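Visitor: Starting from these lines, generate the structure:
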Amino acid sequence: MTRRPQTVGAQVVPARFGELSRALTYLNADDLSQLDRGIGRWMRLPLGRLLTAALLPLAGSAFVCLYNIEPAGFSLIRRVNDTARILALAVAPDLRRKGLARAMVQDAVARATTRRVRWLWMVIPSANVPATRCALSCGFRRYRPQFLRRDVRTVISAQAYEVMLYEVQGEAAGRAIAQWLDAEIDAGDAWIKDLLETELLSWALPDAGRTWRCSIYGREIGCAHLGGDPRHPVVTLWLDPEMWNTAEEMAVLKAVVDTQIELPPALDVALGSEGHLRASVGRYKALGFAPALREHVIFARSLNAPTPAA
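Guide: Next up, the predicted model:
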């Protein structure tokens with residue numbers, strides 16, 4: 001049987017209504033909204049704590065962390081097939097920094113491993129530094145935590161290449177993105193590929209906007225998407241790995257930005273994989289871009305084998 005590491009004085013057990021109600025006494029809607037906003041909404045309703053205590057076990061498997069026998073926090077885990085997501089993880093304010101959140105995450109890992117779950121994942125606000133440290137210390141790895149941002153209104157300089165953008169819409173746009181996203185994942189995020197395909201694909205795709213297949217001198221080399229606000233657009237690039245960190249990549253970026261009627265005062269660029277970002281970040285910095293953290297970051301841990309350090 002898998003051993004569940006515990007912080008001294010802490011015990012994680014399946015939640016009973018009374019213990020869960022007492023744990024929620026010390027928490028508010030913001031505490032419950034950190035990993036999933038929907039959970040916190042229940043606390044804002046009339047009789048919110050009692051309602052939340054009743055609904056949590058219906059949303060997943062709820063656990064209470066007892067600290068010296070008293071309820072000190074809780075976690076909520078929802079399993080879908082062979083993956084599981086931590087939807088909530090909260091500790092009473094006066095008992096934080098005692099390792100209780102880590103004890104609950106370690107318990108979740110142990111339970112999931114025992115039940116042959118292949119992946120455990122959660123979404124953490126990048127501003128929540130304690131939760132980020134907790135996840136990393138428990139063997140989780142960040143998926144695409146950063147993008148690139150440029151706030152200065154100046155022309156993007158790039159060498160002249162015969163870049164052609166062929167706009168695609170609807171299903172054709174979906175096929176183009178899927179083709180080049182797959183190439184990015186294989187080359188730059190292979191560690192999380194099967195979780196992306198089963199659970200996280202919607203997180204990897206951009207919001208509504210315009211999509212192009214991109215070619216240089218007649219050779220298709222990737223796919224680009226332009227979304228966001230016209231004054232602060234977001235360009236997403238999925239490129240052939242041979243194009244990473246090349247002058248051709250910068251030419252494609254310039255061609256996409258040039259589709260705007262006016263040069264925007266701010267621009268974000270999201271690259272299709274973490275490997276792509278690491279390879280190309282130097283060129284973007286030379287153009288005035290700086291890495292920035294996404295508002296929410298996916299943390300995932302494979303339970304098949306030890307996860308590499310982030």
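Visitor: any chance you could map the strands in the stretch 201-310 of the chain?
Guide: Ranges of strands in the stretch 201-310 of the chain, per DSSP state E, counting those that start in this stretch, are 209-216, 219-229, 232-239, 267-271, 290-293, 296-302.
Visitor: Quick check: which of these is nearest to residue 33?
Guide: strand 296-302 (11.4 Å; CB to CB). Where you see a C-beta, it was placed from the backbone N, CA and C, and this is true even at glycine.
Visitor: out of the strands of the stretch 201-310 of the chain, which comes closest to residue 55?
Guide: strand 296-302 (22.8 Å).
Visitor: Put the alpha carbons of stretch 96-114 into PDB.
Guide: This file holds the C-alpha atoms of stretch 96-114, laid out as PDB (Å, rounded to 0.1, in the frame of the first residue of the first chain):
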ATOM      1  CA  ARG A  96      -1.300  28.400   7.400                       C
ATOM      2  CA  ARG A  97       2.500  27.900   6.900                       C
ATOM      3  CA  LYS A  98       2.400  24.700   9.000                       C
ATOM      4  CA  GLY A  99       2.600  22.300   6.000                       C
ATOM      5  CA  LEU A 100      -1.200  21.500   6.000                       C
ATOM      6  CA  ALA A 101      -1.800  22.300   2.400                       C
ATOM      7  CA  ARG A 102       1.200  20.200   1.400                       C
ATOM      8  CA  ALA A 103      -0.100  17.300   3.500                       C
ATOM      9  CA  MET A 104      -3.400  17.400   1.600                       C
ATOM     10  CA  VAL A 105      -1.600  17.500  -1.800                       C
ATOM     11  CA  GLN A 106       0.700  14.700  -0.800                       C
ATOM     12  CA  ASP A 107      -2.400  12.700   0.400                       C
ATOM     13  CA  ALA A 108      -4.100  13.400  -2.900                       C
ATOM     14  CA  VAL A 109      -1.100  12.100  -4.800                       C
ATOM     15  CA  ALA A 110      -1.000   9.000  -2.700                       C
ATOM     16  CA  ARG A 111      -4.700   8.300  -3.000                       C
ATOM     17  CA  ALA A 112      -4.600   8.900  -6.800                       C
ATOM     18  CA  THR A 113      -1.600   6.600  -7.200                       C
ATOM     19  CA  THR A 114      -3.300   3.800  -5.300                       C
END
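Visitor: one step back: now the strands of the stretch 201-310 of the chain in TSV, with distance to residue 133, mean neighbour count and mean pLDDT?
Guide: Putting the strands of the stretch 201-310 of the chain into TSV (distance: least, CB to CB, whole Å; neighbours: other CB atoms under 10 Å; pLDDT from 0 to 100) gives the following:
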stretch	distance to residue 133	mean neighbour count	mean pLDDT
strand 209-216	34	20	96
strand 219-229	30	19	95
strand 232-239	28	22	96
strand 267-271	25	23	96
strand 290-293	14	14	96
strand 296-302	11	21	96
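Visitor: where along the stretch 101-250 of the chain do the helices fall?
Guide: Assigned by DSSP state H, counting those that start in this stretch, the helices in the stretch 101-250 of the chain fall at 129-137, 170-188, 193-195, 201-204, 247-257.
Visitor: which of the ones you listed is buried the deepest?
Guide: helix 247-257 (a mean of 22; mean count of other CB atoms under 10 Å).
Visitor: can you state the direction angle for that helix and strand 267-271?
Guide: Counting by axes from the mean of the first three to the mean of the last three CA atoms, to 10 degrees, helix 247-257 lies at 130 degrees to strand 267-271.
Visitor: Mind giving me the packing neighbours of helix 247-257?
Guide: strand 163-168, strand 209-216, strand 219-229, strand 232-239, helix 274-286 (3 or more CB pairs under 8 Å, 6 or more residues apart in numbering; DSSP states H and E).
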